[in-house]
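A.B. asks: sequence and predicted structure are below.
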Amino acid sequence: MNLNELSILSLYSAMAVYALAFIAFAIDLAKRSSAVDSAERPAGAADEASVAGAVAAGSTTTLTRISARIANDAATPYGRSASLRVGVSLIVLAWGLHLVAAVLRGIAAERVPWANMYEFAMTGTLLIVTVFLIVLTRTDLRFLGTFVSGLVLILLGIGALQYYVEVAPLPPALQSVWLVIHVFVASLGTGFFALGFALSFVQLLQARREERVGTAKPGRLKFLQTLPSAFTLENLAYRVNIIGFILWTFTLMAGSIWAERAWGRYWGWDTKEVWTFIIWVIYAGYIHARATRGWRGSRSAWLAIIGFAAVMFNFGIVNVFFKGLHAYSGL
Amino acid sequence: MSRPSDHIDSAPAPSGDGISQPKLGFVGTLRWFWRQLTSMRTALFLLLLLAIAAVPGSLVPQRSSDPNGVTQYFADNPDLAPILDKIQAFDVYASAWFSSIYLLLFVSLIGCVIPRTKHHLQALRAKPPKTPARLARLAGFTTRSAPAGTDAATAVASARTLLKQGRYRVALFDGPKEFSASAERGYMRETGNLVFHSALVGLLVVVGFGSGFGFSGQRVLVEGQTFVNTLLAYDSFNPGRFFNDTELDPYTLTLDDFEVSYETANLEAFGQPVDFTAGVTVTPRGGDAKDGAVRVNDPLRTGGTSVYLLGNGYAPTITVKDPEGTVVFTDSVPFLPQDANLTSLGIVKVPDGLADQVGLVGFFYPTQDETTTGSYFSSFPDLEYPVLTLNVYAGDLGLDDGVPTSVYALDTDTMEPLATRTSDIKPLELKPGETQELPNGLGSVTFENASPDAAAGDYSDSVPRFASFDIHHDPTQGWVLLFAVLVLGGLLTSLFVPRRRLWVKAVEQADGSVRLEYAGLARGEDPGLESAVTALADRHAALLERSASVVKPVEPA
């Protein structure tokens, strides 16, 4: 068995463990819902009212440590559950296997493991999980485990089944230090955008739930009550997304420098350049929206979601189906 | 804050309900329009519009990046293409509608940045504002009591020292019963924001006008050939609007050899190119020749230009002689690669010297192989078993009509096929060094061997290669890079430097003790504000404690 085969084995093992982590996280969400049910029976209404108060007050108070705040701004505080701990352990284990897979692929190819779609899917998803795990050490975002493990599993599945190519040497066009920098930073930015997307998505759900508080219609997603308020989620999403935005800005510039060296012009509206630009403008719009009266909240969250959809489109569709100079998919 | 009125940090505009507004008048209308244009909402709208407007350019081929794609699109969609062309769908990024969106966006941006810059310059010189009367209403409100023996003025003075160390701008306010320090920091946040936006304007200006001062040109060189950097030497030349070709520095560039290596160890990537290197000699005007190399991703910078390696292939040397043996044509003809294994297509036109005008359509196979149906293909891109086949046509080459024709194409419709796959005489087939008679006694054709002395069966140097170079000159690239760096730097400071105010108030209590109050105010995103207030209170308490213990021994026991 050569290194690449070991890498594949490790990757498939990682996918299996991600699947288990996904299940564990999903069970946790279900448990949260039932915990809310049991908490509601004695004193549901009071909790809801306190949320409404906290949300109203939220716009004037400023956050201190987000992590401290998260623990106490959920409508129904929710303790640790076994399945949540299992989920985190499994995702760490899967991440380890994933890392081994990427490193082995890199050693087998004698270069960085992000030179074609398969490798890019592998390393990009590795970075998504890495960002998630790093953020976990600072802030309790474990409730996003379902999303992160699910997304990574899907992307890895597509990558391994649709995009797989054998180890090949770098074509002259990719032999550049900018391959290392440009592509890595783009993947890292994608990791932050993925997390920002998830937070914005949950924010929208939470905002809808909060609007219903006090009305007769209770929401179906009970577990939302155990998650931070929409206000907190929005702040978290913003902080994650601006890091993504800065990395994306750098990606764009590093790409221009590389384009100048490789193609003789720093900008030429190649399809991939167009989409990188579109994504940049969408997130610039997101940041402006947050500073525009009437747009903070759900409206700006939609922009973050559209932005991430464009990132996925840029990766999955533009690379493969659009004609352009970024023909590195290896397919 | 001189920000657009709908910025989240500016005070909400008073609602005009029930008040009959006076007529705006012409100037008033203009002012109203300007305020609309420079509002956050408009900027946001234009940003989103810009994102949407950029999409079509990725769906439809663009003349700027893919001219052949546009031609193909016209051929494939003869009905739709002219309509799309009317709305400039093939020139999206230079179109009137795309340009108007980004120009409006930049006008809006400039209209926003100028007043903010003015305001910021004032703020940079201004003292921090007076301490609010009731700090308890502000973020992170904390109270401590000063150690016994500390008076209010001293406490505030030491707070001032601490704040100064934290790079706050500090103003002290003394009252009869209370002393306070008002401090502000993070002016760099707004500076960064303004630098970011101004640098974007700079980038637009430099990119917009700057590209007019440069040029780009293409030139194909066969190994051994030399190019002089003058207008006539280019195969194609695209000057910018303001470029004057007397600015060309006439250096010479010789392609000495073209090295290619192919993957042979890894069977999964067998034949994949691993390296292209054009070995060149550059001679500046009146200077000494210098060896250089042009690689993919590694252009050669010389004489104010950058030389890029964009393509390569084989240029078989073909000699045509008349029946008497006089040479009527001899040249190394660049053959255009058709596939990864460099099956290549080339054209030879012999207008004079033979009984008829003769056109040759050549296929070159660096490593010739045969399919089961008998057609040829190349199975490896290097010269293992090179074979050249030539289809021969006679008749009017169309060169005398004065209409420019491509050297890479031959219109065979009006010509008589003498040797083709469908005619009686099959295409001529030559290996390096071989000569064949042309049909109808027209003469002969030779596929020259570039290294006739090589051992039998070694074809590795038998056919010269060509390299196609792009030569660019863009005097504004340095400016673009500078503005890009400013954009990034401005972005980083504007997003991560917290702008905040902190207040420390020392209030003398009736019993002679001193109560210390701390509070802060965020100006923009500032998730660390409350912890900054707490940290200040802690450090201040520690400092006061220390100075109190230093003072103590002096007091009478």
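C.D. replies: The structure has been received and is ready for your questions.

A.B. asks: for the stretch 101-250 of chain B, what spans make up the helices?
C.D. replies: Using DSSP state H, counting those that start in this stretch, the helices of the stretch 101-250 of chain B run over residues B:152-165, B:187-210.

A.B. asks: now do stretch B:549-557, average pLDDT.
C.D. replies: Mean pLDDT, stretch B:549-557: 53.

A.B. asks: same thing with stretch A:123-133?
C.D. replies: Here the average pLDDT along stretch A:123-133 is 95.

A.B. asks: pull out the buried positions in that stretch.
C.D. replies: A:123-132 (16 or more other CB atoms under 10 Å in any protein chain shown). C-beta coordinates here come from the backbone N, C-alpha and C atoms, glycine included.

A.B. asks: returning to that earlier point: so can I have JSON lines of the helices of the stretch 101-250 of chain B showing distance to chain A?
C.D. replies: Below are these laid out as JSON lines (distance: least, CB to the nearest CB, whole Å):
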{"stretch": "helix B:152-165", "distance to chain A": "19"}
{"stretch": "helix B:187-210", "distance to chain A": "7"}
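
A.B. asks: pLDDT below threshold where in the stretch 1-150 of chain A?
C.D. replies: Within the stretch 1-150 of chain A, the segments meeting pLDDT under 70 span A:40-72, A:79-80.

A.B. asks: one step back: what about the buried residues of stretch A:123-133, which are in helices?
C.D. replies: Under the assignment DSSP state H, these contribute A:123-132 to helices.

A.B. asks: can you list the residues of the stretch 401-550 of chain B near chain A?
C.D. replies: B:470, B:472, B:474, B:477, B:480-481, B:484, B:487-488, B:491-492, B:495, B:522, B:525-531 (CB under 8 Å from any CB of the partner chain).

A.B. asks: show the buried residues in these.
C.D. replies: B:470, B:472, B:474, B:477, B:480-481, B:484, B:487-488, B:491, B:495, B:522, B:525-530.

A.B. asks: I'd say B:Asn193 and B:Leu492 touch.
C.D. replies: No: in this structure B:Asn193 lies outside contact range of B:Leu492 using CB atoms under 8 Å: 11.0 Å.

A.B. asks: which helix or strand contains B:Ser494?
C.D. replies: B:Ser494 belongs to helix B:477-496 when assigned by DSSP states H and E.

A.B. asks: helices and strands around that helix, which ones?
C.D. replies: helix A:230-263, helix B:187-210 (3 or more CB pairs under 8 Å, 6 or more residues apart in numbering or on different chains; DSSP states H and E).

A.B. asks: quick one: list the elements packing against the following helix or strand past that helix.
C.D. replies: Of the helices and strands lying after helix B:477-496 in sequence (DSSP H and E), the nearest is strand B:500-508. Counting contacts by 3+ CB pairs under 8 Å, 6+ apart, strand B:500-508 packs against helix B:152-165, strand B:178-185, strand B:514-522, helix B:529-551.

A.B. asks: averaging pLDDT over each of those, report the lowest-scoring one.
C.D. replies: The minimum mean pLDDT among these belongs to helix B:529-551 (a mean of 85).

A.B. asks: what comes up buried for that one?
C.D. replies: Buried, per 16+ other CB under 10 Å, within helix B:529-551: B:529-530, B:532-533, B:536-537, B:540-541, B:544, B:547.

A.B. asks: roughly how far apart are the closest residue to chain A within the stretch 101-250 of chain B and A:Arg290?
C.D. replies: Closest to chain A within the stretch 101-250 of chain B is B:Ala139: 4.6 Å, counting by CB to the nearest CB. Distance of B:Ala139 to A:Arg290, computed by CB to CB, to the nearest Å: 19 Å.

A.B. asks: and if you look at B:Pro464?
C.D. replies: Distance from B:Pro464 to A:Arg290, by CB to CB: 61 Å.

A.B. asks: do the same with A:Trp302
C.D. replies: With CB to CB as the criterion, A:Trp302 and A:Arg290 are 12 Å apart.

A.B. asks: now B:Ala541
C.D. replies: 36 Å.

A.B. asks: then B:Val358?
C.D. replies: Distance from B:Val358 to A:Arg290, by CB to CB: 72 Å.

A.B. asks: try A:Gln203
C.D. replies: Distance, A:Gln203 to A:Arg290, by CB to CB: 12 Å.

A.B. asks: cool, B:Leu300 as well?
C.D. replies: Counting by CB to CB - B:Leu300 and A:Arg290 are separated by 47 Å.

A.B. asks: more neighbours: these two, which one.
C.D. replies: For B:Leu300 versus A:Arg290, neighbours defined as other CB atoms under 10 Å in any protein chain shown are more numerous around A:Arg290 (23 against 20).

A.B. asks: could you find the closest non-adjacent residue to the more buried one?
C.D. replies: A:Ser300 (4.9 Å; CB to CB, 6 or more residues apart in numbering or on different chains).

A.B. asks: same thing with B:Tyr187?
C.D. replies: B:Leu124 (5.9 Å).

A.B. asks: got it, and B:Thr412?
C.D. replies: In space, B:Thr412 is closest to B:Tyr393, 5.2 Å off (CB to CB, 6+ apart).

A.B. asks: other residues contacting the helix or strand the one you found falls within?
C.D. replies: Applying DSSP H and E as the criterion places B:Tyr393 in strand B:387-395. Strand B:387-395 has contacts (CB atoms under 8 Å, 6 or more residues apart in numbering or on different chains) with B:316, B:318, B:348, B:356-365, B:368, B:376, B:410, B:412, B:414-421, B:425, B:427-431, B:438-440, B:442, B:445, B:447.

A.B. asks: got a ChimeraX select line for the buried ones in these?
C.D. replies: Buried members of these, defined by 16+ other CB under 10 Å, are picked up in ChimeraX with:
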select /B:316,318,348,356,357,358,359,360,361,362,363,364,365,368,410,415,417,418,419,420,427,428,429,430,438,439,440,442,445,447
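
A.B. asks: what's the closest non-adjacent residue to the spatially most central residue of chain A?
C.D. replies: The structure's chain A has its C-alpha centroid closest to A:Ala194; by CA atoms, centre = their mean the separation is 2.0 Å. Excluding the flanking residues, the one nearest A:Ala194 by CB to CB, 6+ apart is A:Ile128, at 4.8 Å.

A.B. asks: tell me how many other residues crowd the residue nearest to B:Thr412.
C.D. replies: Neighbours of B:Tyr393 using other CB under 10 Å come to 23.

A.B. asks: state the pLDDT value of it.
C.D. replies: 93.

A.B. asks: what of B:Pro452?
C.D. replies: 87.

A.B. asks: for it, pull up the helix or strand it's in.
C.D. replies: Judged by DSSP H and E, B:Pro452 forms part of no helix or strand.

A.B. asks: now it: phi and psi?
C.D. replies: phi -60, psi -20 (degrees, to the nearest 10).

A.B. asks: what residues are up against the nearest residue to it once chain neighbours are set aside?
C.D. replies: Distances taken as CB to CB, 6+ apart put B:Gly433 closest to B:Pro452, at 6.3 Å, once the chain neighbours are dropped. For B:Gly433, the contacting residues are B:447-449, B:452, B:462, by CB under 8 Å, 6+ apart.

A.B. asks: before we move on, what about B:Ala541?
C.D. replies: With CB under 8 Å, 6+ apart, B:Ala541 has these contacts: B:144, B:516.

A.B. asks: now with 7 Å?
C.D. replies: Contacts for B:Ala541 were tallied using CB atoms under 7 Å, 6 or more residues apart in numbering or on different chains; they are B:Arg144.

A.B. asks: so B:Ala454 makes contact with B:Pro432?
C.D. replies: No: B:Ala454 is beyond contact range of B:Pro432, at 9.2 Å (criterion: CB atoms under 7 Å).
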